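Chemist: how does the following fold in three dimensions:
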Amino acid sequence: ARHALRVRVSDLENGGLKFRSAGADGPRAEKPLPLQPNIATAYRRHGTSKGTARMTTKPAARPPRATVDLYLSAMATIIMVTIVGAVIAYKTTLIQHIPTTPFFSIYGLVVVGYIVSRFALSLFYRPCPDMGLKPTLAVVMPAFNEEGAITTSITALLGSDYPPSKMEIVVVNDGSTDRTGQQIDQMARRDPRVRVIHFPENRGKRAAMAAGIRATKAEVIAFVDSDSVLERSSLRALVQDFKDPRVNAVAGHADVLNEDRSFLTRMQAVRYFVAFRVSKAAESVFGAVTCCSGCFSAYRRSAIMPGLSEWENQTFLGRAATFGDDRALTNLVLRTGLVRYNRDAISRTLVPEEYSKFLRQQLRWKRSWTRESLSAMRIMWRKHPAAALATYIGVALPIISPLVAIRALAIRPVLDDTGPWVYILGLYSTALLFGLYYEAANRRGDRMWFYGVGFVFFYVAVLVWQTYWALLTARRNDWGTRSTAPVQK
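Modeler: From the prediction side, this is the model:
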């Protein structure tokens, strides 16, 4: 199901590939292979001197699962249930310790209740079926220095099965300094559905999104990152939830496009899958998804326009909010309606392959989470009580968890000779739960689930400690991963 092809960049730019199929007696005739939109395509340049790129193609539909894969999936499910039962049984013993250690005993019970509730609620989630809804749709794609991916992303959009007469693509070149602008112009000349807006300088993603919104009159506005590739049917699936007039926005599902590049990208692949299929699915049950990912999401135009200027010119502690655009826009429309998730609307996005860039990205996300959580807490009390409670707990736990880790790993072993093994076993149980869920839901039959276990320990060892630094530096508005910083307002 996975084929590695050596292709020329010129063929990519011409909208298709040519490859030689090799047999036992040598190369055969060249065959054209168009860039099908239902194939997620990732490529990396290995040398500009030869003009070649490495491309990995993934068919959207996997072949029928072998019996062994089904068996492994069933075993993963059984082990998951066993782990959950064992953890709940153990945590109930903490009730007797509440009088002596109330804070940490209650924390342990809340953590287990929160995690189990996410998985339990996700079981009640159902994606919206095809209702035949086909509103006018504009796909807005901000782009900054994405010459390595922009052509493939736009090509996938053009190959969507959404009616061409009801769809347009607005690509905003946010002052790119590479060949992104030329590639976008080339795509616009090939297909009139592609419209281009060029910024003379880098103004930031939010300004690009706002320009794209104002450039169209479509009923539904979808946002797709310039390094993301959609499945052929994703746009059609994404808009079906708008059949319900209460729905203001829909979050699509995001998988990792370059998952096989490193240990880090594999960990992110499992994390993305579980975050969407569990956390967002649980939130969607109550129509209260707290963040529509920038990878792929859609908004009802009539819900955005009344607050567009407020969102575009948002400030925090006296400084312009230059990131966290997706959370802020989600909060804007969550005030007046429902926000849902559709797991059938699939995108695949490139994630950081270097630890330094990944850590800067996570710090930026934590800063925006800090700012937008304050806004979300003022909104969620008006939603379903279960959704509101989960949001407030979800805000509190990341702030408290570093304190719990310090107590378990450093203080208790010194003061009362209690080893950290119970805490570590709890982490391992949680890690297994996430990893095995990935295997049970995907039925891949490979070792990808193991990277979910690795991510939980990586999170506790590295990422959890970013929380307090993000709180202390929440006023900063630099991206940290761009070569050109957004213009300060």
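
Chemist: and stretch 410-429, what's its mean pLDDT?
Modeler: The pLDDT scores in stretch 410-429 average 82.

Chemist: any buried residues in the host helix or strand of Leu403, and which?
Modeler: Leu403 belongs to helix 385-406 when assigned by DSSP states H and E. The neighbour-count check on helix 385-406 (16 or more other C-beta atoms under 10 Å) flags Ala387, Ala388, Ala390, Thr391, Gly394, Val395, Pro398, Ser401, Val404, Ala405 as buried. To be clear about C-beta, it is placed using only N, CA and C from the backbone, and glycine gets the same treatment.

Chemist: need those in a markdown table with distance to Glu439, can you?
Modeler: Formatted as a markdown table, the buried residues of helix 385-406 follow (distance: C-beta to C-beta, whole Å):
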| residue | distance to Glu439 |
| --- | --- |
| Ala387 | 29 |
| Ala388 | 33 |
| Ala390 | 25 |
| Thr391 | 29 |
| Gly394 | 25 |
| Val395 | 30 |
| Pro398 | 26 |
| Ser401 | 26 |
| Val404 | 28 |
| Ala405 | 27 |
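
Chemist: in TSV, list these along with pLDDT and distance to Val250.
Modeler: Output for the buried residues of helix 385-406, formatted as TSV (pLDDT from 0 to 100; distance: C-beta to C-beta, whole Å):
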residue	pLDDT	distance to Val250
Ala387	95	16
Ala388	96	21
Ala390	95	19
Thr391	96	19
Gly394	95	21
Val395	94	23
Pro398	92	26
Ser401	92	30
Val404	91	35
Ala405	91	36
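
Chemist: quick check, central residue of this protein?
Modeler: The chain has Ala254 as the residue nearest its centroid, 4.8 Å off, counting by C-alpha atoms, centre = their mean.

Chemist: quick check: closest non-adjacent residue to that one.
Modeler: Of all residues beyond its chain neighbours, the one nearest Ala254 is Cys295 (4.1 Å), with distances taken as C-beta to C-beta, 6 or more residues apart in numbering.

Chemist: next one: phi and psi at the one you found?
Modeler: The phi/psi pair for Cys295 (degrees, to the nearest 10) reads phi -60, psi -40.

Chemist: gap between it and Ile106?
Modeler: Look at Cys295 and Ile106: by C-beta to C-beta, to the nearest Å, they are 36 Å apart.

Chemist: higher neighbour count, those two?
Modeler: Cys295 (27 against 14; other C-beta atoms under 10 Å).

Chemist: in the stretch 301-450 of the chain, which spans are strands?
Modeler: Applying DSSP state E, counting those that start in this stretch to the stretch 301-450 of the chain gives strands spanning 315-316, 319-320, 338-349.

Chemist: identify the residues contacting the residue nearest to Ala254.
Modeler: Contacts were defined as C-beta atoms under 8 Å, 6 or more residues apart in numbering; by that measure Cys295 touches Val224, Asp225, Ser228, Gly252, Ala254, Ser347, Thr349.

Chemist: swap in Ala269?
Modeler: Neighbouring residues of Ala269 by C-beta under 8 Å, 6+ apart: Asp255, Val256, Glu259, Val351, Met448, Tyr451.

Chemist: if we go to 6 Å?
Modeler: Residues near Ala269 by C-beta atoms under 6 Å, 6 or more residues apart in numbering: Val256, Glu259.

Chemist: per-residue pLDDT of it, please?
Modeler: For Ala269, the model assigns a pLDDT of 95.

Chemist: cool, and Ala470?
Modeler: The confidence metric pLDDT takes the value 90 at Ala470.

Chemist: also Leu463?
Modeler: Among the per-residue scores, Leu463 shows a pLDDT of 89.

Chemist: identify the residue nearest it in space, chain neighbours excluded?
Modeler: Excluding the flanking residues, the one nearest Leu463 by C-beta to C-beta, 6+ apart is Gln362, at 5.8 Å.

Chemist: burial measure for that neighbour, as a count.
Modeler: Counted by other C-beta under 10 Å, the residues lying close to Gln362 total 17.

Chemist: mind checking how far it is from Ala188?
Modeler: For Gln362, the distance to Ala188 equals 35 Å [C-beta to C-beta].

Chemist: repeat for Ala441
Modeler: Ala441 is 39 Å from Ala188, by C-beta to C-beta.

Chemist: which residues sit in contact with Met305?
Modeler: No contacts exist for Met305 under C-beta under 6 Å, 6+ apart.

Chemist: do you know how far it is from Tyr299?
Modeler: Counting by C-beta to C-beta, the gap from Met305 to Tyr299 is 10 Å.

Chemist: then Ile424?
Modeler: As judged by C-beta to C-beta, Ile424 and Tyr299 stand 43 Å apart.

Chemist: same question for Gln362.
Modeler: For Gln362, the distance to Tyr299 equals 25 Å [C-beta to C-beta].

Chemist: do the same with Val172
Modeler: To Tyr299, Val172 is 16 Å away according to C-beta to C-beta.

Chemist: show me where this structure dips below the pLDDT cut-off.
Modeler: The chain contains residues with pLDDT under 70 at 1-73, 417-418, 445, 479-489.

Chemist: can you rerun that using 80?
Modeler: Along the chain, the parts satisfying pLDDT under 80 run over 1-77, 79-81, 83-84, 86-97, 415-419, 443-446, 477-489.

Chemist: would you list every one of the helices in the stretch 301-450 of the chain?
Modeler: Secondary structure of the stretch 301-450 of the chain (DSSP state H, counting those that start in this stretch): helices at 301-304, 308-312, 325-334, 355-380, 385-406, 412-415, 421-442, 449-461.

Chemist: how about the fourth one: buried residues?
Modeler: This means helix 355-380. Residues of helix 355-380 classed as buried by neighbour count (16+ other C-beta under 10 Å): 358-360, 362-373, 375-376, 379-380.

Chemist: picking up where we left off before, export the helices of the stretch 301-450 of the chain to JSON lines and tack on distance to Ile115?
Modeler: Converted to JSON lines, the helices of the stretch 301-450 of the chain look like this (distance: least, C-beta to C-beta, whole Å):
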{"stretch": "helix 301-304", "distance to Ile115": "32"}
{"stretch": "helix 308-312", "distance to Ile115": "32"}
{"stretch": "helix 325-334", "distance to Ile115": "22"}
{"stretch": "helix 355-380", "distance to Ile115": "18"}
{"stretch": "helix 385-406", "distance to Ile115": "10"}
{"stretch": "helix 412-415", "distance to Ile115": "22"}
{"stretch": "helix 421-442", "distance to Ile115": "7"}
{"stretch": "helix 449-461", "distance to Ile115": "11"}
